[in-house]
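Chemist: could you work out the structure for the sequence below:
(chains A and B)
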Amino acid sequence: MAHAHTSTFKNPVVNWIDQRLPIFTMLDKEYGTFPTPRNFNYFWNFGALAMFVLATMIVSGVVLAMHYTANTGLAFNSVERIMRDVNWGWMIRYIHANGASMFFIVVYIHILRGFLYGSYKKPRELLWILGVVIFLLMMATAFMGYVLPWGQMSFWGATVITNLFSAVPVVGESIVTLLWGGFSVDNPTLNRFFALHYLLPFVIFAVVFLHVAALHITGSNNPLGIEPKGPQDTLPFHPYYTTKDLFGLSLFLIFFAAFVFFAPNYLGHPDNYIPADPLVTPPHIVPEWYFLPFYGILRSITFNIGLPFSEIVLIPAKLGGVIAMFASILIWVLMPWLDRSPVKSYRFRPLYKWWVLMLIIAFGMLLYAGGKPAEQPYVLVGQIGTFLYFLFFVGLPVISSIERPLPLPTSIAQSVLGGGRVAATAAANPMEKA
Amino acid sequence: MRRLRSLIVAGLLGLAGTNGALAAESVVPPHQEWAHGGVNSFLSMFKTFDYAAAQRGFQVYKEVCSACHSMDLVAYRNLTGIGFTEEQVKAIAAQYEIQDGPNDQGEMFTRPGLPADHFKKPFPNKQAAAAANGGKAPPDLSLMVKAREHFEDYVYAILTGYEEAPADHPIPDGTHYNKYFPGHAIAMPAPLFEDGVTYADGTKATIAQQAHDVVTFLAWAAEPHLVDRRSTGVKVILFLVVFAGIMYAAKRRVWADVH
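Modeler: Below you'll find the model as predicted:
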């Protein structure tokens, strides 16, 4: 007799299935009894929110794809047909268009959580790196999705961004031709972008699976940044964090719905309601808001980098901008090694606290400057933002080495439940218990 | 107030200036009051279109704008959305000769318009439209209100913004000075005139009135599901608020024993 998995579910059907394919055992282990630190704050909702938005985007996107036509002559009108004639088409499209913005809002907060609480540190380095991969895939997917309605910003955004690759030495032009499927952004470009825009979310889904799998090996980080030492420090995921996530999700959905139903075009650009016209360039080509910080970095490199005291240009400004832009994200991968502090949470790190605030301010400056025309004083704001952004990473090994961290609580349970300074604060503020 | 509102929203998201600055020469159009609150207004969830104005606006489009501007995305049947009856829509559509075909003899023919037809274009193609209008085809108006910064206010400002060109700002021949057009030199001559249309409901057809009416019509054309969208949104958000309350109570209950 072959081996069957030992299951003890009450429902005989569930038991029968589980003995042969233990998915119920797995679900129970990973989402039922999964030991989760008991001290999460609401920052820890955003992973679940991101998962929810990904699912929303895939479902709404598949429905849109049933009505959309990837052809330069038909794309714009097919989107308008969805908006006007398809039952609830306006709602599905506005959910999808605003969902992209929501995805980035949620993921930016999720990433910020990682920076604040040191979620990238040992043993979670690979978990963090998979997150960076997801973010890069998201950017590619969102960029190609924005091209599909074939409005003016779609077309010109695609032209500007794909042209960046021409800065790559030697093979740059070939890469651009390959991306375009020809010698300008045209029908082949739209077709391949549609195919890839449909494909990549499923790749994201697969990497998210790995991200969650890695998370379930190391367990979650928590606001204190100290690892759970035993059952007194954790709670089963269900029902404690299922209820907390559902409450957070319902608040998030109110925010999301406010955009979808009351200001669905607030985050978009009016020019994308003008059909693409290769002969008319819009006065200001701006990407979607969630790319602006990186666009800001790209545009901040306004100077060639050459050998000092000579005319030799090593890196022309355009290539420098492209390198800086990609480096600004890829450098996240190095975070576990740039940060030398053994302490994870910013709460116990007197220097890092301010250092990470500088990163947030730099990000805000770049977001602002990226949306403005390339003229002063915006260029300067962008350049200062770029400098501070990279200073965060370059200076981090030093900052984290000279820092004298505050003493850590002995355990999560001790900090949350018993004696000491932290407990006193919690008692003074009963809302914090909620 | 509106500015304050958008500042707050922009501030919340840290997005001030997302849409980029307008060209240096353009002037921010003054804010107008719209019965529907504007297609992109956050806090107008209970407002609907002024349907009488939208119907008058359709008349302005039909008698004035449609001489040059198409509205490809709108069909006659859609006009029930601004309160025309099906009979009225049939009658409106039937006023137009629409080319159809080929028939079983392989020939094109014309027939009276049907509600399912989209608005008849003033020119057979883009080239003809450009040739008749100094080299540049007049833009389609179906989405005009959503396709410009400042939305309704901008279109209204353009329609009412014609002035004598100031001496220090000469404009090229064949263009017209408009205070609100980026660069001020617009190819479209002033389209609206005092009593240029005669309203059946007795409303006095001032330029401002016609502009207000036609912009209301264009706002509806750009966002025909606006009212549906808002009323659905109110229900969705009411539901979510109750749902969030229940989830909060459930969460409190579950967590009560661990604190």
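
Chemist: need phi/psi at the residue of the stretch 101-250 of chain B found nearest chain A.
Modeler: The stretch 101-250 of chain B approaches chain A most closely through B:Gly233 (2.4 Å), counting by CB to the nearest CB. To be clear about C-beta, it is placed using only N, CA and C from the backbone, and glycine gets the same treatment. Backbone geometry at B:Gly233, expressed as degrees, to the nearest 10, gives phi -60, psi -40.

Chemist: could you do A:Trp16 as well?
Modeler: Residue torsions, per degrees, to the nearest 10, at A:Trp16 are phi -60, psi -50.

Chemist: could you do B:Tyr177 as well?
Modeler: According to degrees, to the nearest 10, B:Tyr177 has phi -80, psi 120.

Chemist: my guess is it contacts B:Pro170, does it?
Modeler: No: contact criterion CB atoms under 8 Å: B:Tyr177 and B:Pro170 do not qualify, at 9.4 Å.

Chemist: and the stretch 101-250 of chain B, which residues reach chain A?
Modeler: Contact residues, the stretch 101-250 of chain B versus chain A (CB under 8 Å from any CB of the partner chain): B:139, B:142-143, B:146-149, B:151, B:182, B:222, B:224-225, B:228-230, B:232-234, B:236-237, B:240-241, B:243-244, B:247-248, B:250.

Chemist: buried only: go through the residues you listed for me.
Modeler: Those of these that meet the buried threshold are B:139, B:142-143, B:146-149, B:151, B:182, B:222, B:224-225, B:229-230, B:232-233, B:236-237, B:240, B:243-244, B:247-248, B:250, by 16 or more other CB atoms under 10 Å in any protein chain shown.

Chemist: for A:Ile254, what are its contacts?
Modeler: B:237, B:240-241, B:244 (CB atoms under 8 Å, 6 or more residues apart in numbering or on different chains).

Chemist: filter these down to the ones in strands?
Modeler: Using DSSP state E, no member of the contacts of A:Ile254 falls within strands.

Chemist: of the residues you listed, which belong to helices?
Modeler: In this view, the contacts of A:Ile254 that belong to helices under DSSP state H are B:237, B:240-241, B:244.

Chemist: for those residues, could you give me CSV that also reports pLDDT?
Modeler: Listed next are the ones in helices among the contacts of A:Ile254 as CSV, based on pLDDT from 0 to 100:
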residue, pLDDT
B:Ile237, 97
B:Leu240, 98
B:Val241, 98
B:Ala244, 97
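
Chemist: in a markdown table, list these along with distance to B:Ile186.
Modeler: Putting these into a markdown table (distance: CB to CB, whole Å) gives the following:
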| residue | distance to B:Ile186 |
| --- | --- |
| B:Ile237 | 41 |
| B:Leu240 | 45 |
| B:Val241 | 47 |
| B:Ala244 | 49 |
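
Chemist: closest one to B:Ala205 out of those residues, please.
Modeler: Nearest to B:Ala205, judged by CB to CB, of the ones in helices among the contacts of A:Ile254 is B:Ile237 at 40.0 Å.

Chemist: what about chain B, any weak spots by pLDDT?
Modeler: Low-confidence segments of chain B (pLDDT under 70): B:1-25, B:259.

Chemist: and A:Gly395, what does it touch?
Modeler: A:Trp355.

Chemist: quick one: it is in a helix?
Modeler: Yes: counting by DSSP: H, G, I helix; E, B strand; the rest coil, A:Gly395 is located in a helix.

Chemist: how close does A:Gly182 sit to A:Val170?
Modeler: 21 Å (CB to CB, to the nearest Å).

Chemist: show me where the stretch 51-200 of chain B has its strands.
Modeler: With DSSP state E, counting those that start in this stretch, the ranges of strands along the stretch 51-200 of chain B come out as B:97-100, B:109-112, B:176-177, B:185-186.

Chemist: who wins for proximity to A:Pro223 among these?
Modeler: strand B:185-186 (58.2 Å).

Chemist: can you tell me which helices and strands that closest one packs against?
Modeler: strand B:176-177 (3 or more CB pairs under 8 Å, 6 or more residues apart in numbering or on different chains; DSSP states H and E).

Chemist: longest single helix anywhere in chain A?
Modeler: helix A:187-218.

Chemist: distance between it and the chain's centre?
Modeler: 13 Å (CA atoms, centre = their mean, to the nearest Å).

Chemist: tell me the helix or strand right after that helix.
Modeler: strand A:234-236 (DSSP states H and E).

Chemist: parallel or antiparallel, list what pairs with that following strand.
Modeler: strand A:35-37 (antiparallel) (DSSP bridges).

Chemist: give me the residues contacting the strand it pairs with.
Modeler: By CB under 8 Å, 6+ apart, strand A:35-37 touches A:219-222, A:228, A:231, A:233-237, A:240-241, A:412.

Chemist: pick out the residue closest to the middle of chain A.
Modeler: A:Val107 (3.6 Å; CA atoms, centre = their mean).
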